[in-house]
Each structure stands twice: as structure tokens, then as C-alpha cells.
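Asks: The following block contains a protein sequence and its predicted model.
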There are 2 protein chains.
Amino acid sequence: MEDTMIAETPRTEIDRIIAAAAAAAEPAAATTPAERARWLHAAADALEQAGDELIPLAARETHLPEEPRLRPELVRTVFQLRLFARVLTDGEFLDATVDHADPAWPMGPRPDIRRTMIPMGPVLVFPAGNFPFALGVAGHDIAAALAAGCPVVAKAHPGHPELSARTRDVLVEALTVAGAPIGMLDIVSGVEAGVTALRHPDIAAATFTGSEAGGRALFDIAAARPRPIPFYGEFGSVNPVYVTAGAVRARGTEIATGFVGSFTLGAGQFCTKPGLLLLPVGHGLDETLRAAVESVPGQAMLDDRIAAAYRAGNERLREHSAVTVLSIPSPRDDPFRPTLLRVSAPDFVKAAEALGGECFGPTSIIIEYADDAELRAVLGALEPGLTVSVHAETDEADLVRPLLPALTRLAGRLIWNGWPTGITLSWAQQHGGPYPATTAPAFTSMGPAAIARFLRPVAWQGFPDTLLPPELRASNPWGLARRIDGVRVQGNIR
Amino acid sequence: MEDTMIAETPRTEIDRIIAAAAAAAEPAAATTPAERARWLHAAADALEQAGDELIPLAARETHLPEEPRLRPELVRTVFQLRLFARVLTDGEFLDATVDHADPAWPMGPRPDIRRTMIPMGPVLVFPAGNFPFALGVAGHDIAAALAAGCPVVAKAHPGHPELSARTRDVLVEALTVAGAPIGMLDIVSGVEAGVTALRHPDIAAATFTGSEAGGRALFDIAAARPRPIPFYGEFGSVNPVYVTAGAVRARGTEIATGFVGSFTLGAGQFCTKPGLLLLPVGHGLDETLRAAVESVPGQAMLDDRIAAAYRAGNERLREHSAVTVLSIPSPRDDPFRPTLLRVSAPDFVKAAEALGGECFGPTSIIIEYADDAELRAVLGALEPGLTVSVHAETDEADLVRPLLPALTRLAGRLIWNGWPTGITLSWAQQHGGPYPATTAPAFTSMGPAAIARFLRPVAWQGFPDTLLPPELRASNPWGLARRIDGVRVQGNIR
């Protein structure tokens, strides 16, 4: 709906914006990580200071409440920018590697060869609608791309056009004052503008966070370019949660209420919403689950398009012949109160294609398994995603261990006695997984390692020291940890 | 030509082979890096011992001479397998990262989260024709995939079918005796078999080394799968070489003969063949170049298909109106004696699309530049590739420095006073670059870092120590270097 109201950026303006990004690529690549860290700190400070203006704007456009959603999200977004500044200061992202010449190298004399990382060039970002700050124009992909030294063109999300434009202005001013090249960040608007930009020869990589339908169309366009580019698409996830009989016995009520809290958080509009809960037959949690679901008030959804897609998906699941209802909103209720369904494990396996996909919104399905064989059959029928969670008792390690290969196959993050919603940002974070979770399973889209998506390695063979990038010089002027002749040598930063 | 003589692997046999690979994926993922290092040593030993049988077979099928090509190539291939065993022992490829729970983490309390790498699953490899060992069934992609713990299905190259089959047998026996799961390695034959395998849902990633025409078709198939997979294609490269006026004055003859040696090596059938030599106008090297070219004997090409493509490409370049001839074989000569052409920088820029692509075989073009502006225009018109080389004097650093951004844009490896042919294998090696050099510019296809193509990160959140992969446990049983709470902590391996 909103899409039709967004003014399409005209072709000439798209060309101007991408030309500015392309012109910024070389000066940006020439900056030091320390300079880019200053840009990111400036952007973080400016965003923080603009909070009182931006948060009401975001609330109006997305229907998300200021608390507990938008204020904490802004804190996260500001932290994210500063975390990438720390990534730059630390310098490990360069993976600086020095191999000295070795006339006795077993395959034949080895020349001096050294490798570091350089920015890929202008990055096109399609931000998500559900986190207007953290996955928006100041969000995860933009922070990582700017940290890498790549100019960014973002396609403003139709769900929050004004917020996108204001966020752009705040960031551009901060970046410019901090000394970033003109053209490091800009936005375009409209579906056609996004496609035009994705086909532009000066775009070197693209990212997308959203539905598989829209994202796959863009992936296909990126792959069909005369010169294809890396496309980092994150399309969604079912996030199954497996609960052992022991965990049900020890703390079934806590698990049931935790589950309902997680799948209804933010009206279920999270890529990490737990869409399937695997419970042992005879769990006895029906009443607890029902009461928890019915205590959740109705919530507005992000926009009419998402609401319409949710209604259709919810109805499709609810009316599937294998499914029974645990709790649905009565017809007079707010339609966006949560829905909880139920299916037996054997029925789920038979209907996995219909029941095992993502339904973006406050709906989830209980799968009841009778024994280990049924549990394994369900795990084998699930599609890969971003997360898998396990609720088990500490003394059940021997029960869970044999299932780990099947669980690991399914996801990029495994969670023990916790819920998939809530993604911390730290060095070990991994937000990704095999398709359809992402189109690039070797990468993460969140956390410090996400910078790797926008870098490419370059080796320098036999170069004089004075022409090498600083991180490869004999003097190691930035004091980085490096790998020298195969041996990791500590730096002197910390 | 040869293609039509290759028996296509029947569909049932392809299914059986991929099912065996899929069945091997879980036991392979459960092995330790030390176990896989033993597999690779066993494979290297077996290949070395089979050399006297395999080298004559390779010579017969590829027309490559035993010396100086096939024996050194086998040494390289054996070394490559052992180098990946060292990668496994060293353990840095796991990038083991541990973040302890931190209630004071600025974005909100942080759970315990730890990340390591797991194998992607079965890998389909399309080996190259020009290096039947180093890029063949015992070659770079297979070594890296096995090291990662991924079962491999290789599509035998039509240029050396018998060698492919025998190499498979030698490796399979060695791997099996060393304890690798059944199904870790097998081959299929024929164009249709390769496509069928690439579409198979159990294939998790694919690699290809060869021409852009064939490789792009496979890339498109991988991208069009219901679940696309990472496709690591290496399609070729022009490998321009820039020579300064100072270098011509100081050692023009040496450069001219070095260049001719490099572009005619192996009948120019290297992805790193220098296809363009940028010389200053008035270089005075015509006679030296001509004499060097004419002293090179004719060489057989790999197969009839490659020879036919080369003839057509050579003729297209030779007859281009902007091109003049420095040396071509006379009609009575062996047609595979080298060709050296010449074009002015302005003419090259105008015809860059026609003249700037790869011609696989013993042809190269001299581009003569009058000044810095012409040189820069040529660099701006070149397509990206695997390498760029610079020949300059040590006191010319200030002349070369401003050109580095333009040179770096063009390639994954920059070479100083050397030739692009000859790729060492060491930690810093980078063999890759923007399209059409490769479809995945964030990776290398050669050297230790190539293992990253077949791994995906997995994070473990809140897991009990006993269920974590060994490299993430508190006791760090393998003694790896790890990143703990953001700080690199030395291991105790070395």
C-alpha cells in the first residue's frame, strides 16, 4: 500500500547519487581504519543526539511503541556504530598476513608475499522494515559497509520513508563534519529505483533484509547482471525450539510463558521469532500456553502490506487439515492478537512444506513428538534458518548430544535454554545460515564479523616497503596482530 | 571435440554418488582437524607414489611435457595437500571466538556466546583442464574442501578423463585406509552429469575453473536453484603488466625476454598469462621482443576445443583495425607459435571491449602509452582480473604510488618486478578478484585461505561446556589461538 505513495527517485538522481558514491570509493579506500572509526563515532553521537526527534517519527511511521521497542533499539543502533569503530581500532578485520621470501619453500622458491583487505566499492543496501533503526539507514549493513570503507547507497524502506530521509541527513552531516568523503552515504526511494541501482555497473555489492519473495527477486537481478556482484540477502527463518521431557517436568510453565513472550514480542515481526515449538506428547502445558497467549494484547503491525500478508499466512496455517487450534483470537477480537496452533510430529513431517515456512507475525505452532524417532523425523523435515533453540536440563547432555549434528545443520546460531529473539552484538555473534535464512551462508550479517562482507583480499608480491599498505610494512606502524610466515604475532594495541 | 567421446555418468549413478557424499557429510563433520590432516597426508603420499604411473597418463591426455610442466606440477599438488594438513593442525581456520556472559555489556546484558566454523556439506568441483594435477581431481579445490570436512564430487575434465579416473582411485584408496568416511570423494563424467549434479539439492557449494562462457552458464544454474548455493567460479584474467620508462632504460631487454617467457609458458594456457604489456612510447624494444618471440618453438595445445577457440581469438585480435603486428607465425609455421601484437593507448581505450578480454593461448598485446594521462586512461578501461604487475625502478616509488588505487581496483594480486605466471602457495596468497576473474571476490581459490569457501560459522549461545565443540570449551583441548572477549589469546600449538 505505502509503496505506491513513495515518490520514486528519478533516474538522473539515481545516477548522480551512484556517481557520487563511485567517486567517494577511492578516497574512502585511502583512509585509515582510525579515520573511519572517527566517522562512526561521529555518526553514533549524532544519532544519539537526534533520538528525541527520530523516535517519535519512527513510532508514527511504524506503529512500534517507544518503549519497550524504539528507545532500546536506538541504544542498540548507536552501540552498533561504536562497536564497528572498535573493530577498526582493533584491526584484526584486515587479517594482515606477511610471508617473507623463502628460497627453501618446498614447492619451489617463494617470493615475498603479503595480504590485507580492501573495500569492495559502493554497496547498495535494502534495509528492513521491522527495525527502523537497527536494520535501517543507520543500521547493521550501513555500519559494517562504512567501517569497511565502502560508500553506501540505501534504498529507503517504504514503511518509514520520513525516518529514512531524516536519518540520512543526520548521518551525512556527522560524516561530513568528521571528514568522510562527499558521497559516502545517500538514499534512493521506490521499488524501481532499487532495481535500477542494483543493475548499476558501479555497485560492487548489495545487501537485503526482508521477505523471501522480494529478496529472491533482487538476488536474481544481482546474479543476472553482466558482472554479477555479491548479494547478501537475509530472507527469514522459522527458528524451531526443541524442548526435552526433562525440561518440561522441571520448568514447563516457565518455558511455556517464555515461549509465548518470545513469539508475540513486537507482534511476532522478528526474523528470529520462534515459529515452531517441539514439545513431548503429554506435556500438559495446554492451559498454561492458552492462558499466556490470551493475556497478550493486540498489537498493530508495521504496515498494511505486512498485515495483509500475515492475515493470509495465518489463515492458511489455521485451516490446514493437519492442524488443530490451541488459541486463536475470536472474530470480534483484534486480529493481531496471537495465534497458537498444534500438529502431531508425523502430520508435520507429511505437511512440512505447508507448515514449516516462516509466517511473519504473532503465530506459532506446537509440534508434539511421541519419541526420539518422531523428533528426528521432524528435525530432518525442517528447512534451514537463522537459529535453533534447545530447552533441556543440565543432566540431559547425553540425550541432546546425538541430536547436535541435525540441529547444527539447521542454523547459524544454536541457543541453550533461551529464546532466539534478542540478538547480542559481540565478536562471536553469527546471524546467518543456509538458504533461505541467507543467500551467503559463509557470512554473518550482524556483529563485528559482518564487515567481511564488504572487503576483498589483495596480495602484494615483492613490493618495496614504502609502497605497501601500512599494515603490511616491516615497521607495522599500527601495531596490529599479524600472521608472519605462518605464525601469529601479537600486536601492541591492547 | 573430446566432450562427445566422454561417457556420460548415468542419472542413477549420479544420484548414488551424491547420496554417498551426503551420507558422508555428518561423519566428516564429526572428525577433528587432526584426523583430516592425516587423510590429506595419506592422499599426498599416495599421489606422490603414483607419480610414475600418473605423469605419463597426464602427458598423453594433455600434450603437456613431463618437464618442465607435469613433474613440478605434481610436486606442487602434493605440497598443496600437505599445506592444507598444516592449515588443519594450526586451527586458525576455525576462527574460534569466545565471548563470556557480560551483564554490563553496553547494549544490554550479553549471554555467553561462542563461534566456530563447520563444513558446508557436499561440494561439487569442476576442475580445470590446464593443470591436470594442481587444478585437477587431486587439486586445489578438492584439497581445500576435504580439509574443511566436506565430501567432494568432482566432474572429470573432458581433457583428461583417464587421469581423472585414476587419480580418483588413488585418492579414494588412500582416504579410505586413512579412515575417511566412504563417499568423501568421487567423480562424475559428462556435461549433462555436471549440470544434473549442480542442480542436486544435496550439493551445498560448487567451484569451477575455466572459461567464462562455460563457467557463467554454471553460475546461472547455481543461482537459479530453488535453494541457491555458493558458487566459486574462476573465469580468467588478462593480467596487464605496466612498465615504467625508468625500468625500460635500466633493464629493457631483461623485461622483454621475461615477458615473452611468461606469456608463452605452457603455450599461454595459464589464467595468469600476461595478456597486455603497457610500455612507454619509444621503448626501443621491438627487435628484442620480436627475436624473443621468434625463438619460442611451437607447442601443442591442451585439446582441439581449446586450440579452435584460441585460433578464433587470435585471429580476431590480429585482424582488429587498431592493431599492428609485432610478430606472428608465418602461414607455414606451426600455428601455435606465439603472436605479439601492438596498439596505441588511445586506440586501446577506444576498443577496450574488443581488445581487453582474455585470449587463452600464446598471444599478447603491447599497449604503448605516451604519457601519464594515456596510461591512466588505459588503466581505467581495463577489466578486473586476477593480477596486475608493475615493472619499475626502486627510485620510482613516487611515480607508482599515485597509480596504486587504480591498479588495486583491477586485481587480487599485485606483483612488483615479476611475472604473474607462477603462483606460490603460502598463507598470504590471494588468487581471485572482481568479476570476471571470479564470481566471489571475497575469497581466494588458492592457498590456505581457500578453505574458507567451504565453511560456515555457527554460534553457540549459553551451551554447557560438555556440549560445545572442543575448540570452544574452557579447557581449549587443542591449544588453539582464540579470541576471548575481544582479545586474541595465543595458543600453545607452536
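Replies: The structure has been received and is ready for your questions. Residues are numbered from 1 along each chain as shown, chains lettered A, B, ... in the order given.
Asks: Okay, domains of chain A per the record?
Replies: A:2-235+A:438-458+A:468-472, A:240-416 (automatic domain parsing).
Asks: Any chance you could note which residues of the stretch 251-400 of chain A sit beside chain B?
Replies: Contact residues (C-beta under 8 Å from any C-beta of the partner chain) of the stretch 251-400 of chain A with chain B: A:394, A:397, A:400. Where C-beta positions appear, they are placed from N, C-alpha and C, glycine not excepted.
Asks: what about 6 Å?
Replies: Listed as neighbours of chain B in the stretch 251-400 of chain A under the rule C-beta under 6 Å from any C-beta of the partner chain: A:Ala397.
Asks: Pick out the residue in the stretch 251-400 of chain A sitting closest to chain B.
Replies: A:Ala397 (5.1 Å; C-beta to the nearest C-beta).
Asks: Got the phi and psi for that residue?
Replies: phi -50, psi -40 (degrees, to the nearest 10).
Asks: Verify the stated contact: it with B:Phe463.
Replies: No: with contact defined as C-beta atoms under 6 Å, A:Ala397 does not reach B:Phe463; the gap is 9.6 Å.
Asks: These two: who's more crowded?
Replies: Ranked by neighbour count (other C-beta atoms under 10 Å in any protein chain shown), A:Ala397 and B:Phe463 place B:Phe463 first, with 23 against 14.
Asks: Could you report the neighbour count for the residue nearest to the more buried one when sequence neighbours are not counted?
Replies: Excluding the flanking residues, the one nearest B:Phe463 by C-beta to C-beta, 6 or more residues apart in numbering or on different chains is A:Trp416, at 4.4 Å. By the criterion of other C-beta under 10 Å, A:Trp416 has 19 neighbours.
Asks: and if you look at A:Pro297?
Replies: Neighbours around A:Pro297, by other C-beta under 10 Å: 9.
Asks: again, but for A:Arg16
Replies: Applying other C-beta under 10 Å, I find that A:Arg16 has 14 neighbouring residues.
Asks: Which parts of the helix or strand containing it count as buried, going by neighbours?
Replies: With elements taken from DSSP states H and E, the one containing A:Arg16 is helix A:11-29. For helix A:11-29, the neighbour count (16 or more other C-beta atoms under 10 Å in any protein chain shown) marks A:14, A:17-18, A:20-25, A:27-29 as buried.
Asks: can you tell me which residue is nearest the centre of chain A?
Replies: A:Ser445 (4.4 Å; C-alpha atoms, centre = their mean).
Asks: Contacts only, for it.
Replies: By C-beta atoms under 6 Å, 6 or more residues apart in numbering or on different chains, the residues touching A:Ser445 are A:234, A:431-432.
Asks: Centre of the chain to stretch A:359-379, how far?
Replies: 24 Å (C-alpha atoms, centre = their mean, to the nearest Å).
Asks: What average pLDDT does it get?
Replies: Average pLDDT, stretch A:359-379: 97.
Asks: Please point out which parts of that stretch sit buried.
Replies: Buried, per 16+ other C-beta under 10 Å, within stretch A:359-379: A:359-369, A:374-375, A:377-379.
Asks: Tabulate the CA atom coordinates of it in PDB.
Replies: In PDB, the C-alpha atoms belonging to stretch A:359-379 read as follows (Å, rounded to 0.1, in the frame of the first residue of the first chain):
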ATOM      1  CA  CYS A 359       4.700 -16.800   9.000                       C
ATOM      2  CA  PHE A 360       5.800 -13.200   9.800                       C
ATOM      3  CA  GLY A 361       3.600 -12.200  12.700                       C
ATOM      4  CA  PRO A 362       2.300 -13.400  16.100                       C
ATOM      5  CA  THR A 363       1.600 -17.100  15.100                       C
ATOM      6  CA  SER A 364       3.400 -20.200  16.200                       C
ATOM      7  CA  ILE A 365       2.900 -23.900  16.000                       C
ATOM      8  CA  ILE A 366       3.400 -26.600  18.700                       C
ATOM      9  CA  ILE A 367       4.700 -29.900  17.200                       C
ATOM     10  CA  GLU A 368       4.100 -32.800  19.600                       C
ATOM     11  CA  TYR A 369       6.600 -35.700  19.300                       C
ATOM     12  CA  ALA A 370       6.000 -39.100  20.800                       C
ATOM     13  CA  ASP A 371       9.600 -40.400  20.900                       C
ATOM     14  CA  ASP A 372      13.100 -39.900  19.600                       C
ATOM     15  CA  ALA A 373      12.200 -41.300  16.200                       C
ATOM     16  CA  GLU A 374       9.400 -38.700  15.700                       C
ATOM     17  CA  LEU A 375      11.700 -36.000  16.900                       C
ATOM     18  CA  ARG A 376      14.400 -36.900  14.500                       C
ATOM     19  CA  ALA A 377      11.900 -37.100  11.600                       C
ATOM     20  CA  VAL A 378      10.800 -33.500  12.400                       C
ATOM     21  CA  LEU A 379      14.400 -32.200  12.600                       C
END
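Asks: so of the domains of chain A, which one's packed in deepest?
Replies: domain A:2-235+A:438-458+A:468-472 (a mean of 21; mean count of other C-beta atoms under 10 Å in any protein chain shown).
Asks: what mean pLDDT would you report for that one?
Replies: Mean pLDDT, domain A:2-235+A:438-458+A:468-472: 96.
Asks: Quick one: the helices in the stretch 1-150 of chain A, in order.
Replies: Secondary structure of the stretch 1-150 of chain A by DSSP state H, counting those that start in this stretch: the helices cover A:11-29, A:33-49, A:51-62, A:71-90, A:140-148.
Asks: do the same with the stretch 301-450 of chain A
Replies: A:304-318, A:345-350, A:352-355, A:372-381, A:397-400, A:404-409.
Asks: would you list those in JSON lines and tack on distance to A:Val152?
Replies: Shown next, in JSON lines, are the helices of the stretch 301-450 of chain A (distance: least, C-beta to C-beta, whole Å):
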{"stretch": "helix A:304-318", "distance to A:Val152": "25"}
{"stretch": "helix A:345-350", "distance to A:Val152": "42"}
{"stretch": "helix A:352-355", "distance to A:Val152": "37"}
{"stretch": "helix A:372-381", "distance to A:Val152": "39"}
{"stretch": "helix A:397-400", "distance to A:Val152": "42"}
{"stretch": "helix A:404-409", "distance to A:Val152": "33"}
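Asks: quick one on the thing from earlier: can you say which of the domains of chain A is nearest to B:Gly261?
Replies: domain A:2-235+A:438-458+A:468-472 (16.0 Å; C-beta to C-beta).
Asks: How far off centre is that closest one?
Replies: For domain A:2-235+A:438-458+A:468-472, the distance to the chain centre is 12 Å (C-alpha atoms, centre = their mean).
Asks: Report the beta-bridge partner residues of A:Ile415.
Replies: A:Ser389, B:Gln461 (DSSP bridges).
Asks: Does chain B have contacts with stretch A:62-77?
Replies: Yes: Stretch A:62-77 lies within reach of chain B by C-beta under 6 Å from any C-beta, at A:Arg76.
Asks: residues from the stretch 51-200 of chain A in reach of chain B?
Replies: Contact residues (C-beta under 6 Å from any C-beta) of the stretch 51-200 of chain A with chain B: A:76, A:79, A:97, A:99, A:106-107, A:110, A:113-115.
Asks: let's see it at 8 Å
Replies: So the stretch 51-200 of chain A meets chain B at A:72, A:75-76, A:79-80, A:82, A:86, A:90, A:92, A:97-99, A:102, A:105-108, A:110-111, A:113-115, A:118, A:120-121 (C-beta under 8 Å from any C-beta).
Asks: wait, A:Ala19 sits on A:Asp202?
Replies: Yes: with contact defined as C-beta atoms under 8 Å, A:Ala19 reaches A:Asp202; the gap is 7.3 Å.
Asks: returning to what we had before: output the helix holding A:Arg16 in CSV with nothing but the alpha carbons.
Replies: Output in CSV follows, covering the C-alpha atoms of helix A:11-29 (Å, rounded to 0.1, in the frame of the first residue of the first chain):
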residue,chain,number,x,y,z
ARG,A,11,16.8,8.1,-12.9
THR,A,12,19.0,11.1,-13.2
GLU,A,13,19.1,11.5,-9.5
ILE,A,14,19.9,7.8,-9.0
ASP,A,15,22.8,8.2,-11.5
ARG,A,16,24.0,11.3,-9.7
ILE,A,17,23.9,9.5,-6.3
ILE,A,18,25.7,6.4,-7.5
ALA,A,19,28.3,8.5,-9.4
ALA,A,20,29.0,10.4,-6.1
ALA,A,21,29.4,7.0,-4.3
ALA,A,22,31.7,5.8,-7.0
ALA,A,23,33.8,9.0,-6.8
ALA,A,24,34.0,8.5,-3.0
ALA,A,25,35.2,5.0,-3.3
GLU,A,26,38.9,5.8,-3.9
PRO,A,27,39.3,8.5,-1.2
ALA,A,28,37.4,6.2,1.2
ALA,A,29,39.8,3.3,0.4
